[in-house]
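Asks: Need the 3D shape of this:
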Amino acid sequence: MDWLHIALRSLGAIAVLFLITRLLGKKQISQLTFFEYITGITLGELAGFISTDIESHYTLGLTALLVWFIVPFTIELVTLKSVTLRKWLEGNGTVMIKDGKVMGKNLKKERYSADELLEQLRKKSVFNVADVEFAVLESSGELNVLLKKENQPLTPKHLGIKVGPEKEPQTVIIDGNIMDEPLATAGFSRAWLNAELEKIGVTKDNVFLGQVDSYGALFVDLYDDMLQVPANNEKLLLLANLKKCEADLTLYALATQSKDAKATYEQCVKQLREQITVLVPLLKR
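Replies: Numbers count the residues shown, from 1 in each chain. Just a heads-up that it's a prediction; the model follows:
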């Protein structure tokens, strides 16, 4: 019955290891520091030892697991308050590129070759070293990159455009089933969803996945990959109508002989143009 004994010990080890990992937190399964790397390997080895070494007492393995849980857990709590201990255990980031220049000494210190640096940059979608202003190798081993100002993506802030806060998209249909809670969170009802589906000529049973973004736009992915969902042109039609109103007001201002009416039309054109400028980024999404 050794197989049953090993199976039971393995189930116990899995349960204990899962509990320990949950208590140690998500850092244990993300990019690891040196100490977390050592802890992860050791916990795995101990779990294997507990599962298969039937000659040793089960509690001995559990004791070892408990020690390897208490020590890292205590150190994590202490390092939250001690900068010195945190630097000593986790290390500091190493600057690899500064002011657009590759730091050769730091590459040698971290035993990084030029090819490895280029590989890490490509993982960040950077293929030209000349585009980089600053790059640092974190203690977790991840390379973080800051592009030069002229190479950074253009944002609404650069253009002086104010945008509203972005909310989390809500998944309202999964496998043809309507998710009432996310739908309510988005602020809509089943009647609204059915009306939106009717506009694009789709039934919920044909929808594999449906999401509503923060602007109330519905995206659907159908089971049949060959079917194309018609685009929702309501926003573009609204933009076209607003621009038509602007053009009509401009014509009225040119056609009228009354100075007061002309001034009123011109003021309306100015105000409408300002509103269109604000709405364009939203209506062209």
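
Asks: For the residue positioned nearest the centre of the chain, what are phi and psi?
Replies: Nearest to the mean C-alpha position of the chain, by CA atoms, centre = their mean, lies Glu168 at 10.7 Å. In terms of degrees, to the nearest 10, the main-chain angles of Glu168 are phi -70, psi 130.

Asks: try Gly160
Replies: phi 70, psi 30.

Asks: can you list the domains in the chain?
Replies: What automatic domain parsing lists as the domains of the chain is 2-88, 94-151, 170-222, 234-283.

Asks: Can you give the distance of the shortest one from its chain's centre?
Replies: What separates the centre of domain 234-283 from the centre of its chain is 39 Å, taken as CA atoms, centre = their mean, to the nearest Å.

Asks: Just give me the neighbour total for Asn206.
Replies: 16 (other CB atoms under 10 Å). For glycine as for every other residue, the C-beta is placed from the backbone atoms N, C-alpha and C.

Asks: Do I have it right that it meets Leu222?
Replies: Yes - using CB atoms under 8 Å, Asn206 makes contact with Leu222 at a distance of 5.4 Å.

Asks: ok, and what's touching the longest helix belonging to the chain?
Replies: In the chain, taking DSSP state H as the definition, the longest helix is helix 259-283. Residues from elsewhere that reach helix 259-283 (CB atoms under 8 Å, 6 or more residues apart in numbering): 156, 161-164, 215, 235-236, 238-239, 242-243, 245-246, 249-250, 252-253, 256.

Asks: 6 Å - rerun?
Replies: Lys235, Leu239, Leu242, Glu246, Leu249, Thr250, Tyr252, Ala253, Thr256 (CB atoms under 6 Å, 6 or more residues apart in numbering).

Asks: Mean pLDDT per helix and strand in the chain: which one sits at the bottom?
Replies: helix 2-24 (a mean of 63; mean pLDDT, DSSP states H and E).

Asks: how close does Pro169 get to Phe219?
Replies: 8 Å (CB to CB, to the nearest Å).

Asks: Now do the shared contacts for the two.
Replies: Listed as contacting both Pro169 and Phe219 by CB under 6 Å, 6+ apart are Gln211.

Asks: pLDDT at the residue nearest to the centre of the chain, what is it?
Replies: pLDDT recorded at Glu168 is 85.

Asks: Report the separation between it and Leu272.
Replies: 33 Å.

Asks: closest one to Gln228 among the domains of the chain?
Replies: domain 170-222 (8.9 Å; CB to CB).

Asks: for that closest one, the distance to its chain's centre please.
Replies: 22 Å.

Asks: returning to what we had before: derive a PyMOL selection command for the buried subset of the contacts of helix 259-283.
Replies: One line in PyMOL is enough to select the buried members of the contacts of helix 259-283, burial here meaning 16 or more other CB atoms under 10 Å:
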select buried, resi 239+242+246+249+250+252+253
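
Asks: Looking at the contacts of helix 259-283, spot the one nearest Arg111.
Replies: Distance to Arg111 across the contacts of helix 259-283 (CB to CB) is lowest for Lys235, with 53.7 Å.
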